[in-house]
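K.L.:
give me a 3D structure for the following:
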Amino acid sequence: MASQIIGKSSFMQKLESFLGLTSSSKREFLILQTTFRVLTIIFIVIAISVMVTSSQSIVMFGFTFKASYSSSSALKFLVGAEAVVCVFSALSLIFVYLQYRSESHPTNYFFLFLHDMAMMILMISGCAAATAVGYIGRYGEVQIGWGSVCDRVSKFCNRTVVSMVFSYLAFFAYLTLTIVSATKLRSRATE
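P.N.:
Model (predicted):
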């Protein structure tokens, strides 16, 4: 037990090996970081483009109603959060490349970890807010008297679901980046 406390635990060794974070893997770390950041940007661009172009109009009782993301503060928050994460992901690519080019101090890995964690939290907060609104839109809330609207605007709801899937993929990419950054920070601290 004492050897596990002093040295790396078996789990951490397996995780570092799986993620390619051995002490001599500076190039693999760059490839992993770049790949997941680019994937995040791609997922977010798809999610935003699907969300902002999804709208549907229906006529009820002689009135025209339009369902769009701008009608919901939660969906607007998601799009705004995604835009922020997308911009910071692009900027972090520069930071990761500069970190690769120079001899990196462990403090730089800590800042990268903080960045990744903040972006992950921003993504999950936007996803959670939009998921809650989407759930009520699809299933309603019978006890309060809110009916579902997705049976009337199914095209809008289906496109919103597609956008949400890409949003969650971006979240999981940042979750992976956070784990990778934390693992790299830990391995640098024990060197």
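K.L.:
pLDDT weak spots in this protein?
P.N.:
Counting by pLDDT under 70, the chain has low-confidence residues at 1-24, 57-58, 103-106, 188-191.
K.L.:
now the helices: where do they sit in it?
P.N.:
The residue ranges that make up the helices of the chain, judged by DSSP state H, are 2-6, 10-19, 26-53, 73-101, 106-139, 154-189.
K.L.:
same for the last one, what does it pack against?
P.N.:
In other words, helix 154-189. helix 10-19, helix 26-53, strand 55-60, helix 73-101, helix 106-139 (3 or more C-beta pairs under 8 Å, 6 or more residues apart in numbering; DSSP states H and E). All C-beta atoms are positioned from the backbone trio N, CA, C, and that covers glycine.
K.L.:
now it: buried residues?
P.N.:
Of the residues in helix 154-189, those buried under the neighbour-count criterion (16 or more other C-beta atoms under 10 Å) are 156-157, 159-160, 163-164, 166-188.
K.L.:
burial of M123, as a residue count?
P.N.:
By other C-beta atoms under 10 Å, 27 other residues sit near M123.
K.L.:
which residues sit in contact with the residue nearest to the spatial centre of the chain?
P.N.:
Residue closest to the mean C-alpha point of the chain, counted by C-alpha atoms, centre = their mean, is F171 at 2.1 Å. When the contact criterion is C-beta atoms under 8 Å, 6 or more residues apart in numbering, the partners of F171 are 120, 123-124, 127.
K.L.:
just give the closest residue to it, not the sequence neighbours.
P.N.:
Excluding its sequence neighbours, the residue lying closest to F171 (C-beta to C-beta, 6 or more residues apart in numbering) is M123, at 4.2 Å.
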